[in-house]
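[1] Sharing a sequence plus its predicted fold:
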Amino acid sequence: MLSTVAFQAYGGPPVPPPLLFRDPSSCAAELDLSVGRHGASARRSANSKLRVGNFITFSGSPGIWGPSSTNSVLLAVAEINKRGGILGREIELSMYDAGGPIEQVARRAEAAILLDEVDLFMGSHISAVRVALRKVTRNRIPYVYTPVYEGGERTPGVMAIGETPRWQMRPSIHWLAEVKKASRWYLIGSDYVWPWQSHRAVKSYIAESGGQVVGEEFVPLGEDNHEPHLARIRAAKPDVVLISLIGTDSITFNRAFAESGLAATTLRFAGAMDETVLLGIGADNTESLFCASGYFACVGSRDNDDFMDRYRAMFGPHAPPIGSVGQSNYEGLRFLEAAAERAGTLAMEPLSAAARNVVYRGARGPVTIRNGRAEMPMYLAEADGLDFRLVKAI
């Protein structure tokens, strides 16, 4: 089924065979993207295949999740196409880099709709990109956004299925307060919308637990000099540092944190960390590091075991490790499949309405979308070298 995939890596990584590479970006540069929409729509509706444009980050700080995200979506495409596609339409997948300047990503999105005539978008990237892309897709095509995010997405046609702070962070903050006696918190995150909004919610949960925030800062994406941040953390003497840094920024920070000696005295707690990031941090630097997520590869369930078996069978025993962000790309297509079957159509309005209340099944097991919010099992885990050890379901 891989032969059905068109891999269009605008600024992305080398193209792995046997995928087809096609780059219409030179045409996009000359195209007036404000015209031709009706013609593209007519051609799109006449196409028997379901053209999915998947915006995955292959560059910059979140680019570390690109390989596992790619594998996960290819696995979903192969499985769904083997069953006959979605509503009888075989998926034809194109991938686009969601990294780099946001205005360039938005141009890629316009080209994807007008030149490549995609029927819908899938997205696994930072929320700042989602804010830009939803302006492109609004009233045009559906857009499924898969990873952990700040919550509150209400744009017509945008369907977000990831973890949100209330259900991901709140129970863990209370557990750390009760079990670890944590009361002094320092918050550090990347400087964009997800950490901004998540920290706003987190502060209320810390107050509920009887704690206080003793410091907060936001770090530009790509920052790798963390000495000033560590000096402020050391001076504030927190019990816990809540980390909302993304991808490689989280790796460099956590390495520096441990190497500075802070890990011996201060807990760390993260909401956007997975096995890929843990591997980058290194086994010697993960002491007293906790993470909350709706998915860990170590969760022992039939659904996850089956998913991991199929993943390894398709990509080999040394495939990129799977974590929450990468795996969400698999679940995004499973969610779309369930919503389309419930709606009986892929048209944006009825599909969006059906997607607000639907149950789909993926690596996490059954996930219920109720009133547009995903209800899934949630877990608190502690790093144990290069693996996670589940502490409890939360």
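    Nice, thanks for sending it over.
[2] Of all residues in this structure, which one is nearest the centre?
    Centrality entry for the chain: nearest residue to the mean C-alpha point is P147, 2.6 Å, by CA atoms, centre = their mean.
[3] need the contact list for that residue.
    124-125, 162, 324-325, 328 (CB atoms under 8 Å, 6 or more residues apart in numbering). In short, each C-beta sits where N, CA and C put it, glycine included.
[4] That one should be in a strand, yeah?
    No - applying DSSP: H, G, I helix; E, B strand; the rest coil, one finds P147 to be coil, outside a strand.
[5] what ranges do the strands span in the stretch 151-300 of the chain?
    Shown for the stretch 151-300 of the chain, the strands assigned by DSSP state E, counting those that start in this stretch span residues 158-160, 184-190, 212-219, 240-244, 267-270, 289-293.
[6] Adjacent strands (with direction) for the first one?
    This means strand 158-160. strand 143-145 (parallel) (DSSP bridges).
[7] Which residues does the partner strand contact?
    120-124, 130, 133-134, 137, 153, 157-162, 332, 335-336.
[8] cutoff 6 Å now
    Residues external to strand 143-145 that are found in contact with it (CB atoms under 6 Å, 6 or more residues apart in numbering): 121-123, 130, 137, 157-160, 332, 336.
[9] With stretch 215-230 instead?
    So stretch 215-230 is contacted by 61, 186-191, 236, 252-253, 256, 260 (CB under 6 Å, 6+ apart).
[10] which stretches of the chain have low pLDDT?
    Residue ranges of the chain with pLDDT under 70: 1-47.
[11] Tell me which residue of it is furthest from the middle?
    Ranking residues of the chain by C-alpha distance from their mean position (CA atoms, centre = their mean) puts A235 at the top, at 33.2 Å.
[12] how about E331, what does it touch?
    Residues near E331 by CB under 6 Å, 6+ apart: G362.
[13] State the distance from it to C291.
    The gap separating E331 from C291 is 18 Å, by CB to CB, to the nearest Å.
[14] returning to that earlier point: from the contacts of P147, which ones fall inside helices?
    Those of the contacts of P147 mapping onto helices are 324-325, 328, per DSSP state H.
[15] measure G157 to N371 for me?
    According to CB to CB, G157 and N371 sit 17 Å apart.
[16] which one of the contacts of strand 143-145 is nearest T345?
    Lowest distance from T345 to those (CB to CB) belongs to L336, with 12.4 Å.
[17] ok so, going back, please tell me how far the residue farthest from the centre of the chain sits from G215.
    8 Å.
[18] again, but for D305
    Counting by CB to CB - D305 and G215 are separated by 42 Å.
[19] out of the two, which sits in the busier spot?
    Neighbours were counted for D305 and for G215 using other CB atoms under 10 Å; G215 has more, 17 against 12.
[20] and for stretch 361-376, what are the contacting residues?
    With contacts defined as CB under 6 Å, 6+ apart, stretch 361-376 is touched by 161, 294-295, 301, 303-304, 307, 327, 331, 334, 356, 358-360.
[21] could you redo the last one with a cut-off of 7 Å?
    Applying CB atoms under 7 Å, 6 or more residues apart in numbering, the contact partners of stretch 361-376 are 161-162, 294-295, 301, 303-304, 307, 327, 330-331, 334, 355-360, 377.
[22] That stretch: which residues count as buried?
    362-364, 367, 369, 372-374, 376 (16 or more other CB atoms under 10 Å).
[23] Next: stretch 220-227.
    Residues of stretch 220-227 classed as buried: 221, 223, 226 (neighbour count, 16+ other CB under 10 Å).
[24] ok, now stretch 56-65?
    So stretch 56-65, judged by 16+ other CB under 10 Å, has buried residues 56-58, 60-65.
[25] need the ones in helices among the contacts of P147 in CSV with distance to T265 and neighbour count, can you?
    As requested, the ones in helices among the contacts of P147 are exported to CSV (distance: CB to CB, whole Å; neighbours: other CB atoms under 10 Å):
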residue, distance to T265, neighbour count
S324, 28, 29
V325, 30, 32
S328, 34, 31
